[in-house]
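Fold the following and give me the result.
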Amino acid sequence: MRSGTGTGRGRRAALAAALGAVLAAGTTLADPAAAQPSPEPTHSRRADDGRHQDQTQGGDRDGDRDHRGGGDSVDGKADGRADGKQRHPDGRRRAVPVRGPVLAAGDAADSKAPTGSGLRTALGGTVQDKALGTLNFAVADAATGEFLFGSQENAPATPASTTKLATAVAALALLPAEHRIATTVVRGAPGEITLVGGGDPTLTALPADQIRIGGAPVDQDSAPASMAELAHRTAAALKASGSTEVKLGYDTSLYTGPLLHHDHDAMNIAAVTPLMVDEGRIDPRSPDEAPARVFDPAGQAAESFAGFLKAEGITVQGKPAPAAAAPGGTELARVESPTIGRLVERMLTTSDNTLAEAVARQAAIAAKQPASFEGAAKAVTTELAALGVPLDGVLLTDGSGLAKANLIPPVTLVKLLAAAAAPDHPELRPVLTGLPVAGFSGTLVNRFSAKSGAGEAAGIVRAKTGTLQGVNTLAGTVVDADGRVLAFALMTRTDADPTAARAAVDRIVAKIAACGC
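Numbers count the residues shown, from 1 in each chain. This next block holds a predicted model:
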């Protein structure tokens, strides 16, 4: 271990706190041989650069579902302390995460990135665990983006839900920070109004006190737009013009292409339409991460809106019907989603497939591409190329990662994370703040437990999960023992039990966290 480790450990605790959030709130090879690490990079590195198991047995589903709700504690033997820290066996204290800046200015200058040979030694046999099957992985310095160590890091692999990192980075780069998705009502012919979908799947019909995201209540910044409020504003505008009876149409023309994802199952994802309420859930209060969805989300949203209008004293003639909004029609009312940054955080923390496809289409619209699966994929890859992210071997067909046809090399994922951490890209910070915290939040709430053998890394790892049948991926950031923030991406292709595969992945990350090398 390098000298100055005590100082580095102090920095590690500080960075762990800065990287946290409020806690309450494989390649497709046939031979699953153990990964053989690539040699340490031959280019010189400056001494101090200053700086769910599957939902069904027979289909591919980006589950990430069994990681939420009751489960193993972070460490049943941990020394819980009132000072907000956990006592480790070696006597060190590790800060639990709190909300704060992701990378404060000067963080990189106070510690050194580990060497490739040091990481090789630290990881040892953990990368050869049989549960991993075929493993592709990469570790990079988050402060500089410099690749440090890996195996088959340039080989494309199935990313599953880590695809959402690409979607998030591109959307945040293309859209202004204050961007919100509007749902509007416009006046048409006399006695007619049209509900126009703007692409906000989080629009809700629930009262504010019943809204839950990932099981937690929402605050003012994250609260979704209200269908009841839209109806209230519309009714007020109609009454002001002397009208209390209307015919209601609804416009879904913003999106093009197929409504259904290739792997649509009416649970993990809804039909992709620019008008929906509560993400097309049959039961909007359902705590299930993959709830049953309605066949026609747009029709459901229009019926919901009609019901709220009636409650406001407006008579709606007949049933709502699809209709194009009148060109140049007067806007009667609107409601808006949380900012794009908040939507990205929600998408990543809960691995929300429906929201991911909506965010991808917002990126497509900003890039002047068709708001479709194909147009969104083109917008994302084009913007990533403009950011300097390596795209060799990258193939995207959706924005959520449900598609098994998607391919991303591990080195691309760590470059995405490094870009999000770069001081010259503050607009990308929601990518990091939206990552679940190991053992505490989102799709990592039940991972990095003592039972998995990775409990030492709980609270200091933030990462996006990915799960498809036979595929388990994890990509995020970790603070090592010397206080350096590292980016990692681990991608497996295995026939092993998903729980065992995920635990093996978590143990690798725990070894990276413990590395003072």
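
can you map out the strands along the stretch 251-400 of the chain?
Ranges of strands in the stretch 251-400 of the chain, per DSSP state E, counting those that start in this stretch, are 315-322, 331-336.

Could you give the number of residues near Val127?
22 (other C-beta atoms under 10 Å). The C-beta positions use only the backbone N, C-alpha and C, and glycine is treated the same way.

Am I right that it is in a strand?
No - with DSSP: H, G, I helix; E, B strand; the rest coil as the criterion, Val127 is helix rather than part of a strand.

hang on, isn't it packed against Phe137?
Yes - Val127 is within contact range of Phe137, at 7.0 Å (criterion: C-beta atoms under 8 Å).

give the contact list for Leu148.
If a contact means C-beta atoms under 8 Å, 6 or more residues apart in numbering, then Leu148 has Pro41, Arg45, Ala113, Pro114, Thr115, Gly116, Leu119, Val139, Ala140, Asp141, Leu486 as its contacts.

Would you tell me which of the strands of the stretch 251-400 of the chain gets closest to Ser286?
With C-beta to C-beta, the closest approach to Ser286 among the strands of the stretch 251-400 of the chain belongs to strand 331-336: 22.8 Å.

Walk me through which strands that closest one pairs with, and which way each runs.
With DSSP bridges as the test, strand 331-336 is paired with strand 182-187 (antiparallel).

Strands of the stretch 101-250 of the chain, residue ranges please.
Using DSSP E, counting those that start in this stretch, strands in the stretch 101-250 of the chain cover 134-141, 147-151, 182-187, 192-196, 212-213, 216-217, 245-251.

on that earlier part again, packed most tightly, which of the strands of the stretch 251-400 of the chain would that be?
Mean neighbour count (mean count of other C-beta atoms under 10 Å) peaks for strand 331-336 among the strands of the stretch 251-400 of the chain, with a mean of 19.

That strand vs strand 192-196, what angle?
20 degrees (axes from the mean of the first three to the mean of the last three C-alpha atoms, to 10 degrees).

quick one: strand 331-336 to chain centroid distance?
Remark: strand 331-336 is offset 28 Å from the chain centroid, using C-alpha atoms, centre = their mean, to the nearest Å.

Extract the residue ranges of the stretch 1-150 of the chain that are flagged as low pLDDT.
The model of the stretch 1-150 of the chain has pLDDT under 70 over residues 1-110.

that older thread, deepest in the core, which of the strands of the stretch 101-250 of the chain is it.
When the strands of the stretch 101-250 of the chain are compared using mean count of other C-beta under 10 Å, strand 134-141 is most buried, at a mean of 27.

Check the gap between Glu312 and Ser241 for me.
Going from Glu312 to Ser241 by C-beta to C-beta, to the nearest Å gives 14 Å.

Of these two, which one has the most company?
Taking neighbours as other C-beta under 10 Å, Glu312 and Ser241 compare with Glu312 leading, 17 against 10.

Now do the helices in the stretch 401-517 of the chain.
Secondary structure of the stretch 401-517 of the chain (DSSP state H, counting those that start in this stretch): helices located at 410-421, 429-433, 498-514.

Tell me which other helices or strands the last one touches.
This means helix 498-514. For helix 498-514, the packing partners by 3 or more C-beta pairs under 8 Å, 6 or more residues apart in numbering; DSSP states H and E come out as helix 116-123, strand 461-468, strand 471-479, strand 485-493.

Pull out the buried residues from the first one.
Read that as helix 116-123. Neighbour counts over helix 116-123 (16 or more other C-beta atoms under 10 Å) mark Gly116, Gly118, Leu119, Arg120, Ala122, Leu123 as buried.

which residues touch stretch 248-259?
188, 192-199, 271-275, 298-299, 301-302, 305-306, 309, 316-317, 320-325, 361, 365, 370-375.

ok, now stretch 219-239?
With C-beta under 8 Å, 6+ apart, stretch 219-239 has contacts from 183, 185, 193, 200, 202-205, 207-208, 211, 213, 218, 244, 246, 277, 301, 304-305, 308-309, 311-314, 332-339, 342, 345-346.

mind listing which of these are in helices?
Ala301, Ser304, Phe305, Phe308, Leu309, Ala311, Arg342, Glu345, Arg346 (DSSP state H).

and of these, the nearest to Leu387?
After measuring these against Leu387 - C-beta to C-beta - the closest member comes out as Glu345, at 19.6 Å.

Give me the neighbour count for Thr144.
18.

Same question for Asp495.
Around Asp495 there are 10 residues (other C-beta under 10 Å).

Check Ala237 too.
Ala237 has 17 neighbouring residues, counting by other C-beta under 10 Å.

Could you give the backbone dihedrals for the closest residue to Ala360 other than its chain neighbours?
Of all residues not flanking Ala360 in the chain, Gly399 sits nearest, at 2.7 Å (C-beta to C-beta, 6 or more residues apart in numbering). Reported as degrees, to the nearest 10, the phi and psi values for Gly399 are phi -110, psi -10.

how near is Gly399 to Gly328?
Taken as C-beta to C-beta, the span from Gly399 to Gly328 is 32 Å.

Please apply the same query to Val414.
For Val414 relative to Gly328 (C-beta to C-beta), the value is 48 Å.

cool, Ala364 as well?
Distance from Ala364 to Gly328, by C-beta to C-beta: 24 Å.

Kindly report the same for Lys415.
Distance from Lys415 to Gly328, by C-beta to C-beta: 45 Å.

wait, Gly375 sits on Lys368?
No - with contact defined as C-beta under 8 Å, Gly375 does not count as touching Lys368 (9.3 Å).

and Val186, how far is that from Ser337?
The value you get for Val186 to Ser337, if C-beta to C-beta is used, is 18 Å.

nope, Pro258 is what I meant
24 Å.

Which one of these two is surrounded by more residues?
Neighbour count, other C-beta under 10 Å: between Pro258 and Ser337, Ser337 has more, with 24 against 13.

His179 is in contact with the more buried one, correct?
No - when contacts are counted by C-beta under 8 Å, Ser337 is not listed as touching His179 (9.1 Å).

Out of the helices and strands packed on helix 498-514, which gets nearest to Thr433?
Per C-beta to C-beta, nearest to Thr433 of these: strand 461-468, 8.4 Å.

If we go by neighbour counts, what in that closest one is buried?
For strand 461-468, the buried set under the neighbour-count rule, 16+ other C-beta under 10 Å, comprises Val461, Arg462, Ala463, Lys464, Thr465, Gly466, Thr467, Leu468.

Please save the CA atoms from it in CSV.
Provided in CSV are the C-alpha atoms of strand 461-468 (Å, rounded to 0.1, in the frame of the first residue of the first chain):
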residue,chain,number,x,y,z
VAL,A,461,-20.6,2.3,-3.9
ARG,A,462,-23.1,4.0,-6.3
ALA,A,463,-24.0,1.9,-9.3
LYS,A,464,-26.6,1.2,-12.0
THR,A,465,-27.7,-2.4,-12.1
GLY,A,466,-28.7,-4.4,-15.1
THR,A,467,-30.5,-7.8,-15.3
LEU,A,468,-31.6,-9.9,-18.2
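
So for it, mean pLDDT?
Averaging pLDDT along strand 461-468 yields 98.

Could you do stretch 355-369 as well?
98.

Per-residue confidence, the residue nearest to the spatial centre of the chain, what does it come out as?
Per C-alpha atoms, centre = their mean, the C-alpha nearest to the average position across the chain is that of Leu348, at 1.6 Å. If you check Leu348, the pLDDT there is 98.
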